[in-house]
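>>> Requesting a structural model of the entry that follows:
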Amino acid sequence: MVYLGILEQLLFWGGVILFLVSLGLYGLRTRDYRSLLMFWQPTIAFNAGENRINRIALLMMILAVALKGYLFYIS
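Below is the predicted model of the structure:
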């Protein structure tokens with residue numbers, strides 16, 4: 001059980017870091033920091049690599065939340 005708790009933290013924080021990396025790569029490539037600040041407007045156009053990193057990060061965070069729910073209900 002302790003290992004699942006550690007895995008949940010690693011998935012979540014790893015996902016957050018990867019998400020920020022994908023945004024940073026977009027910012028470095030385009031120098032369009034305004035799109036990053038106004039995230040509610042659909043102006044970000046990721047390339048294939050940035051999009052892949054972004055989706056993997058979001059999947060990691062969703063898995064972490066699901067694991068947290070599982071650990072909450074099993075204990």
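>>> Next, count neighbours for residue 26.
Residues near residue 26, counting by other CB atoms under 10 Å, number 22. To be clear about C-beta, it is placed using only N, CA and C from the backbone, and glycine gets the same treatment.
>>> Pull the contacting residues for the spatially closest residue to it that is not a sequence neighbour.
Using CB to CB, 6 or more residues apart in numbering and skipping the chain neighbours, the partner closest in space to residue 26 is residue 50 (5.3 Å). Residue 50 sits next to 22, 25, 26, 29 when contact means CB atoms under 8 Å, 6 or more residues apart in numbering.
>>> I'd like the C-alpha coordinates of stretch 41-53 written as CSV, please.
Below are the C-alpha coordinates for stretch 41-53, written out as CSV (Å, rounded to 0.1, in the frame of the first residue of the first chain):
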residue,chain,number,x,y,z
GLN,A,41,-8.3,31.0,-25.3
PRO,A,42,-7.5,28.2,-27.9
THR,A,43,-4.4,29.9,-29.4
ILE,A,44,-1.7,27.4,-28.5
ALA,A,45,-0.6,25.3,-31.5
PHE,A,46,1.6,22.5,-30.3
ASN,A,47,3.8,20.6,-32.7
ALA,A,48,3.7,16.7,-32.6
GLY,A,49,6.4,16.3,-29.9
GLU,A,50,5.0,19.0,-27.6
ASN,A,51,1.5,17.5,-28.0
ARG,A,52,2.7,14.0,-27.2
ILE,A,53,4.5,15.2,-24.1
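>>> Quick one: mean pLDDT over it.
Averaged over stretch 41-53, pLDDT sits at 90.
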